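Novice: okay, here's the prediction I keep looking at, along with the sequence it came from:
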Amino acid sequence: METLPVVDPASEEVIVEVAAASASDVDLAVADAVKVAAAWRAVAPGERARLLRRFAALVEEHAEELARLESRQAGHPITAARWEAGNVADVLNYYAGAPERHTGRQIPVPGGLDVTFHEPLGVVGVIVPWNFPMVITMWGVAPALAAGNAVIVKPAESTPLTAVRLEALALEAGLPEGVLQVLPGRGEVAGAALAAHPDVRKIVFTGSVAVGREIARTAAATIKRVTLELGGNSANIVFADADLALAAAKAPGAVFDNAGQDCCARSRILVQREVYDEFLALLEPAVRAVRVGDPGDEGTEMGPLISGGHRDRVAAYLTREPDFAGTCPSGPGFWLPPAAYVDVAADDPLWTEEVFGPVVAVAPFDGEADAIAKANATPYGLSGSIWTRDTGRALRMARAVEAGNLSVNSNSSVRYWTPFGGVKQSGLGRELGPDALDAFCDTKNVFIATEE
Ligand code: NAD
């Protein structure tokens, strides 16, 4: 049996070896899930809700343990990992409110009664990346379970531990065995088997555009539903009339959070030319001040990258010295310092590609139209920020920038009760918020004749 090592990216020590699921393990898991899905959908809505609330309560009880595990396997600063454990519980509690409220419609028709039902799909596969393993797992799992589906999670090779722990907590909460299964394994083996399986009715995939495209192609063979959350290369647009000090103080956090391994990273900063120098003078000390170090320390703001391979991939973009940079530990661990590049050309890979590391590219713009053109000159469209004190401009820009999630005078993208997802090649469908539930159901229309 193949095993996969889980490596602490801050020390390079192997934490544990985890058994990797084969394609036949996936077949067995799907067969179990098909059986249990039939029973789970029949559980009364109030009882399904109660079980999900118990699951949420257990996550809260074990929040520190989950946060420590995530911090260890993914290198997240412990303060960030605590927020993530809280988000997992919040997402569960939010969707625990859904089973009794997910009402259908009654539509006026002649000669009878017409009603719609939200039918669960059956078995849903959730394929998760390594950058935010625990929260991304739950963003798929919670609404899928609430809607009455059985779920199989395929975590990323390097970060399966929190998903495995969540599976155990679900059982402890009383969810029927097999309703939530976690199968660590290789993407091209277990992930591909899940995406191809005819009894899996939907895949929620978060990861790279290349694999997302592959999943969509495989899913097409069985007309599987897909939600795709893919990459990003988001713009942070700063106008001359903005609170420059605030925009500059917040900009490092918006890109160096999770060492830049964040699909929402504002990795391109666009600054209106008249305040360009002033903004850079404010940005430089903010970048230098980012505290990079041991993820277990309470004061750490940025940890290591996920692996040596990924660090090399990011480092390959750094073909010249940055204009300014912070510092990082030397010795073991997959470290890179936060780095800023200024006056980056529109065709530079640092500008055009998703670097997915602690690197930010800065360039000037002239006026709204130029800012819109530059922000949208990317195949991606996940998130972005607009900094201005002019409300009309904020709204014009928010409508014109092609992205699924924008923030004005803020860099915050994620709230569990608002929709999240991308446009263009950043994805398909939305997670979180009130509508995510519908992505785990099909609408059934039933007409009942009242006349003979
Ligand atoms: P990845 O695409 O390499 O892997 C993601 C998952 O897919 C892993 O579990 C992997 O094992 C699995 N996988 C790989 N090949 C597969 C195949 N052929 N069939 C089925 N599954 C397969 O991505 P990654 O490197 O782990 O994550 C980084 C990417 O994820 C970045 O592009 C980032 O922007 C994106 N991301 C997007 C969001 C979002 O919500 N939009 C969130 C986080 C990360």
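Specialist: Sure, I can see it. Not measured: the values here are computed from a predicted model.

Novice: please make it C-alpha for all contacts and neighbour counts, starting now.
Specialist: Will do.

Novice: isn't P108 right up against D114?
Specialist: Yes. Look at P108 against D114 with C-alpha atoms under 8 Å: they come within range, at 6.6 Å.

Novice: between the two, which is the more surrounded one?
Specialist: D114 (16 against 10; other C-alpha atoms under 10 Å).

Novice: around the ligand, which positions in the stretch 101-250 of the chain sit nearby?
Specialist: 127-131, 154-157, 186-188, 191-192, 206-208, 211, 215, 229-232 (C-alpha under 6 Å from any ligand atom).

Novice: try it again at 8 Å.
Specialist: Residues of the stretch 101-250 of the chain lying close to the ligand by C-alpha under 8 Å from any ligand atom are 127-132, 136, 154-157, 185-195, 205-212, 214-215, 228-232.

Novice: can you tell me the closest non-neighbouring residue to D435?
Specialist: P419 (7.4 Å; C-alpha to C-alpha, 6 or more residues apart in numbering).

Novice: what's near enough to touch that neighbour?
Specialist: R430, E431, L432, G433, P434, D435, A436 (C-alpha atoms under 8 Å, 6 or more residues apart in numbering).

Novice: select only the buried ones of those residues in ChimeraX?
Specialist: Here is the ChimeraX command that picks out the buried ones among these, judged by 16 or more other C-alpha atoms under 10 Å:
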select :430,431,432,433,434,436
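
Novice: pull the most distant pair out of the contacts of P419.
Specialist: Maximum pairwise distance among these (C-alpha to C-alpha): 10.1 Å, between R430 and P434.

Novice: related to what we said a few turns ago, restricted to helices, list the residues of the stretch 101-250 of the chain next to the ligand.
Specialist: Among these, the ones falling in helices (DSSP state H) are I136, A192, A193, L194, A195, V209, A210, V211, G212, E214, I215.

Novice: can those go into a markdown table with extra columns for neighbour count?
Specialist: Formatted as a markdown table, those follow (neighbours: other C-alpha atoms under 10 Å):
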| residue | neighbour count |
| --- | --- |
| I136 | 24 |
| A192 | 20 |
| A193 | 19 |
| L194 | 31 |
| A195 | 30 |
| V209 | 18 |
| A210 | 11 |
| V211 | 17 |
| G212 | 24 |
| E214 | 13 |
| I215 | 23 |
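
Novice: could I get these in a markdown table, plus columns for pLDDT?
Specialist: Formatted as a markdown table, those follow (pLDDT from 0 to 100):
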| residue | pLDDT |
| --- | --- |
| I136 | 98 |
| A192 | 98 |
| A193 | 98 |
| L194 | 98 |
| A195 | 98 |
| V209 | 97 |
| A210 | 97 |
| V211 | 98 |
| G212 | 98 |
| E214 | 98 |
| I215 | 98 |
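
Novice: now, among those, which is nearest to the ligand?
Specialist: Using C-alpha to the nearest ligand atom, A192 comes nearest to the ligand of these, at 3.7 Å.

Novice: nearest spatial neighbour of the closest one, skipping sequence neighbours?
Specialist: Closest to A192 by C-alpha to C-alpha, 6+ apart is I215, at 7.6 Å.

Novice: quick one: that neighbour and F356, what's the gap?
Specialist: 21 Å (C-alpha to C-alpha, to the nearest Å).

Novice: ditto for E321
Specialist: Between E321 and F356 the distance is 18 Å, computed by C-alpha to C-alpha.

Novice: the more surrounded of the two?
Specialist: Neighbours were counted for E321 and for F356 using other C-alpha under 10 Å; F356 has more, 26 against 10.

Novice: ok, the residue nearest to that one when sequence neighbours are not counted - contacts?
Specialist: Nearest residue to F356 in three dimensions, chain neighbours excluded: Q261, at 4.6 Å (C-alpha to C-alpha, 6+ apart). Neighbour list for Q261: N131, L305, F356, G357, P358 [criterion: C-alpha under 8 Å, 6+ apart].

Novice: so for Q261, what's the pLDDT?
Specialist: The model reports Q261 with a pLDDT of 98.

Novice: list the buried residues of stretch 198-205.
Specialist: Using 16+ other C-alpha under 10 Å as the test for burial, stretch 198-205 gives D199, V200, R201, K202, I203, V204, F205.

Novice: who are the neighbours in contact with the first one?
Specialist: Neighbour list for D199: V30, V34, V123 [criterion: C-alpha under 8 Å, 6+ apart].

Novice: now, which of the residues you listed lie within helices?
Specialist: V30, V34.

Novice: may I see the contacts of D199 organised as JSON lines, with neighbour count added?
Specialist: Compiled in JSON lines, the contacts of D199 are given as follows (neighbours: other C-alpha under 10 Å):
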{"residue": "V30", "neighbour count": "25"}
{"residue": "V34", "neighbour count": "20"}
{"residue": "V123", "neighbour count": "29"}
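
Novice: which residues does the residue nearest to I107 when sequence neighbours are not counted form beta bridges with?
Specialist: Nearest non-adjacent residue to I107, counting by C-alpha to C-alpha, 6+ apart: D114, 5.3 Å away. Note on D114: beta-bridge partners by DSSP bridges are I107, F447.

Novice: which residues sit in contact with D114?
Specialist: Listed by C-alpha under 8 Å, 6+ apart, the contact set of D114 reads Q106, I107, P108, N445, V446, F447, I448.

Novice: domain-wise, how is this structure divided?
Specialist: Per automatic domain parsing, the domain ranges recorded for the chain read 3-230, 235-415.
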